[in-house]
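Asker: next comes the sequence, and after it the predicted model I'd like to discuss.
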Amino acid sequence: MSFADYGIFFGCVGLACFAQNLTGFAFGLIFLGLISLFGTLDLATAANVISILSLANALPSLKSDKAPLPKKPFYTSLALSLIGVVIGLYLLNFLNQELEVYLKILLGLTILIASFLLILSKKTPEKMSSLPLFAFFGGLSGILGGLFSTAGPPLVYIVYRQPIALTVIKRFLVLSFAANAIVRIALEIYNGHINWQIITLSAMAFPFVLVMSMIQKRYPIKWPIDVIKKIVFVLLVLTSISLLTPAARYLLNF
C-alpha cells in the first residue's frame with residue numbers, strides 16, 4: 001500500500017467510527033463501502049479488518065453502557081446471527097471474483113431496500129415485534145456479517161422500528177455486532193486467513209478507533225431519534241450506491 005492508500009484507509013476508518021458511535025451501527029457498512037469505492041483493499045481483507053476494529057469500537061460501550069435490553073428478542077436474534085456468521089463465512093471462502101461482484105450487488109440492494117423500509121415506516125409500533133421476526137432478521141444479519149463483516153442492515157431495520165429508547169437500540173446493536181465479530185475472527189484464525197497485512201492494518205488503526213469511540217462516548221451527540229433515523233437512511237443509501245456502482249462497472253466491462 002502507498003502513503004495515499006494509508007491516508008484513504010484511515011479516512012475511511014474515521015468516518016466509519018463516527019457513524020457507528022452516532023447510530024449504533026454502520027462501521028462495517030461505511031468502511032466497506034468506501035474501501036470498495038476507492039479499491040484500496042480486497043473484500044476478504046477489508047472484512048477481516050472490520051471484524052477486529054469493530055471490537056475496538058465496541059469496548060467503550062461494553063464498559064459503560066447499562067441500558068436494559070429486551071432479553072428474549074436480543075438473545076433470539078443473537079443466537080441466529082451467530083449461526084448466520086458461520087454460514088456466511090463458509091460461503092465467502094468459495095467465491096471467485098465474479099461471484100464476489102454479484103454478492104456486492106446483493107448486499108447493495110439489501111441495504112437500499114432496508115433504508116427505504118426504515119424511513120417509510122412513519123409509525124413506531126406500540127409493542128415489540130415477534131420473536132420469529134427477530135430470529136429471521138438476526139439470521140440474515142449474521143450471514144451478511146459472515147460474508148462482509150457488515151451485519152447491519154437487517155438487524156438495524158428491525159431494531160430501529162421497536163418502541164425502545166435510542167440508548168437501548170445502540171446497546172442492542174453494539175453487543176450483537178461485537179459478538180458476531182468475535183466469532184468471525186475466531187473462525188478466520190482457525191482457517192488461517194488472518195495474514196500480516198490484516199494484523200498490521202488492524203494494529204495501526206485499533207488505538208485510533210478506541211480513542212475516537214471513547215471521545216464520542218464521553219461527549220455524545222444528543223439528537224432526536226427521528227433525526228438519527230434520517231441520518232441512518234442517508235448512510236445506508238450512500239453505502240448502497242458505493243457498492244453497486246463499481247460492481248455495475250465491472251459487469252458492464254466484463
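Answerer: Received, thanks.

Asker: can you tell me the closest non-neighbouring residue to residue 157?
Answerer: residue 114 (4.4 Å; CB to CB, 6 or more residues apart in numbering). (C-beta placed from N, C-alpha, C; glycine too.)

Asker: pull out the buried positions in the host helix or strand of the one you found.
Answerer: Here residue 114 sits within helix 97-120, counting by DSSP states H and E. Using 16 or more other CB atoms under 10 Å as the test for burial, helix 97-120 gives 100-101, 103-105, 107-108, 110-112, 114-115, 118-119.

Asker: that helix packs against which elements?
Answerer: Contacts defined by 3 or more CB pairs under 8 Å, 6 or more residues apart in numbering; DSSP states H and E place helix 97-120 against helix 131-148, helix 152-160, helix 225-253.

Asker: just give me how far it sits from the chain centre.
Answerer: 13 Å (CA atoms, centre = their mean, to the nearest Å).

Asker: got it, and stretch 188-205?
Answerer: 18 Å.

Asker: how long is that stretch end to end?
Answerer: Stretch 188-205 has its terminal residues 19 Å apart, counting by CA to CA, to the nearest Å.

Asker: could you list the buried residues of that stretch?
Answerer: Buried-residue list, stretch 188-205, by 16+ other CB under 10 Å: 188, 193-194, 198, 201-202, 205.

Asker: pick out the most distant pair among those.
Answerer: The distance between the two most remote of those (CB to CB) is 18.5 Å, for 193 and 205.

Asker: where are the low-confidence patches of the stretch 101-250 of the chain?
Answerer: The stretch 101-250 of the chain contains residues with pLDDT under 70 at 118, 120-125, 225.

Asker: now with 90?
Answerer: Applying pLDDT under 90 to the stretch 101-250 of the chain flags the ranges 101-129, 140-141, 143-181, 184, 188, 190-195, 206-250.

Asker: show me what counts as buried in the helix or strand where residue 9 lies.
Answerer: Counting by DSSP H and E, the element that carries residue 9 is helix 3-23. Using 16+ other CB under 10 Å as the test for burial, helix 3-23 gives 8-9, 12-23.

Asker: now it and helix 225-253, what's the angle there?
Answerer: Using axes from the mean of the first three to the mean of the last three CA atoms, to 10 degrees, the direction of helix 3-23 lies 140 degrees away from that of helix 225-253.

Asker: continuing past helix 3-23, what's the next helix or strand?
Answerer: Next along the chain from helix 3-23, counting by DSSP H and E, comes helix 27-38.

Asker: name the helices or strands packed onto that following helix?
Answerer: helix 3-23, helix 43-64, helix 131-148, helix 152-160, helix 225-253.

Asker: save the ones you listed as JSON lines, and put in distance to residue 218 too.
Answerer: Formatted as JSON lines, those follow (distance: least, CB to CB, whole Å):
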{"stretch": "helix 3-23", "distance to residue 218": "11"}
{"stretch": "helix 43-64", "distance to residue 218": "8"}
{"stretch": "helix 131-148", "distance to residue 218": "28"}
{"stretch": "helix 152-160", "distance to residue 218": "24"}
{"stretch": "helix 225-253", "distance to residue 218": "19"}
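
Asker: what about stretch 30-44, start to end distance?
Answerer: Counting by CA to CA, you get 16 Å between the two ends of stretch 30-44.
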